[in-house]
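Okay, structure incoming, though there's no sequence with it:
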């Protein structure tokens, strides 16, 4: 009722955006297309004092990480609303890219954070095929069309090329972190080689600002009467009726594999 009374001060509102899961264009993944309406509403509805990102992601697509982060920064600057990130289990690789969209990053004492690097993984089946007497026959128009073919022996030229493709992506990630974190980064720490840190360690090297949880920290900054409005990705109609089981299963496997790399 208070908000309808002229000149009466309303209680502060903080919009909480939950970003949990693999960053991917697959159904159920975190991506700009599906998150855009939710992020736009979070910054617009109710004139929030701040937006809090609650992040629990082992990473994923660098492109989607960049697009989501860019959208958050644009809205923050246009509407002059500060953004705070709160890491739960993990904000690694693309998950940390998202965290850097915030003005300040807070972690739990046991959160895993970092992994500022780029990885490409696959399998090679050429020896298995040879053991079973299977011959690979492939014909291309264009010498690079069979690039990193998993059924052929790995070529030194292919490895060199994929590293050359990873480098600009890695550099974009580094630039993003350096731009967002600035002088808070420890110049003497090795932090751009894929290293990860836990809790206080992240503060020591400057990739996080404090150990805190979303509700008490926001109330500390904006008052004990602070209200929260939480936003999260909505399930599609197909998902609600169980028709996206295969996609969700594959995404779940991908997420478990990524989390396993951090001991989760």
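Sure thing, it's come through. This structure is a prediction, so every number in the text was calculated from the model and none was measured.

Please name the residues that touch residue 222.
12, 14, 49, 50 (Cβ atoms under 8 Å, 6 or more residues apart in numbering). (Each C-beta comes from the backbone N, C-alpha and C, glycine too.)

Quote the end-to-end distance of stretch 54-66.
One end of stretch 54-66 to the other measures 17 Å (Cα to Cα, to the nearest Å).

And it, what's buried?
Under the neighbour-count criterion of 16 or more other Cβ atoms under 10 Å, stretch 54-66 has 54, 55, 56, 57, 58, 59, 60, 61, 62, 64, 65, 66 buried.

What segments of this protein are helices?
All helices of the chain, identified by DSSP state H, fall at 32-44, 62-79, 94-99, 126-131, 156-181, 200-205, 214-222, 237-240, 245-260.

between these, which has the poorest average model confidence?
Lowest mean pLDDT within those: helix 237-240, a mean of 46.

Just the angle for the top strand by length along the chain relative to helix 62-79, thanks.
Once the chain is assigned using DSSP state E, the strand that runs over the most residues is strand 83-92. Relative orientation of strand 83-92 with respect to helix 62-79: 170 degrees, computed using axes from the mean of the first three to the mean of the last three Cα atoms, to 10 degrees.

So for residue 188, what pLDDT did the model give?
Per-residue pLDDT puts residue 188 at 83.

Oops, could you answer that again for residue 153 instead?
Per-residue confidence (pLDDT) for residue 153: 66.

Ok, residue 232 next?
pLDDT, residue 232: 81.

Setting aside sequence neighbours, what's the nearest residue to it?
Leaving out its chain neighbours, the residue that sits closest to residue 232 by Cβ to Cβ, 6 or more residues apart in numbering is residue 18, at 4.3 Å.

List the beta-bridge partners for the one you found.
Note on residue 18: beta-bridge partners by DSSP bridges are residue 54.

Just want the phi and psi numbers for the residue nearest to residue 117 when sequence neighbours are not counted.
Closest residue in space to residue 117, ignoring its immediate chain neighbours: residue 194 at 3.3 Å, by Cβ to Cβ, 6+ apart. Backbone dihedrals for residue 194, given as degrees, to the nearest 10, come out at phi 90, psi 10.

What about residue 194, how many residues nearby?
Residue 194 is flanked by 15 other residues according to other Cβ atoms under 10 Å.

Equivalent analysis for the one 3 residues further on, please.
Applying other Cβ under 10 Å, we find 21 residues neighbouring residue 197.

same deal with the one 4 residues further on?
For residue 201, the count of nearby residues is 17 (other Cβ under 10 Å).

could you redo the contacts of residue 222 as TSV and give each row neighbour count, pLDDT and distance to residue 189?
Below are the contacts of residue 222 laid out as TSV (neighbours: other Cβ atoms under 10 Å; pLDDT from 0 to 100; distance: Cβ to Cβ, whole Å):
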residue	neighbour count	pLDDT	distance to residue 189
12	19	93	36
14	25	97	32
49	18	96	33
50	20	97	29
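
Who are the contact partners of the closest residue to residue 213 other than its chain neighbours?
With sequence-adjacent residues excluded and distances taken as Cβ to Cβ, 6+ apart, residue 213 is closest to residue 86, at 6.5 Å. Applying Cβ under 8 Å, 6+ apart to residue 86 gives the contacts 52, 53, 54, 55, 106, 107, 212, 213, 214, 217.

one more time with 7 Å, if that's ok
52, 53, 54, 55, 106, 213, 214 (Cβ atoms under 7 Å, 6 or more residues apart in numbering).
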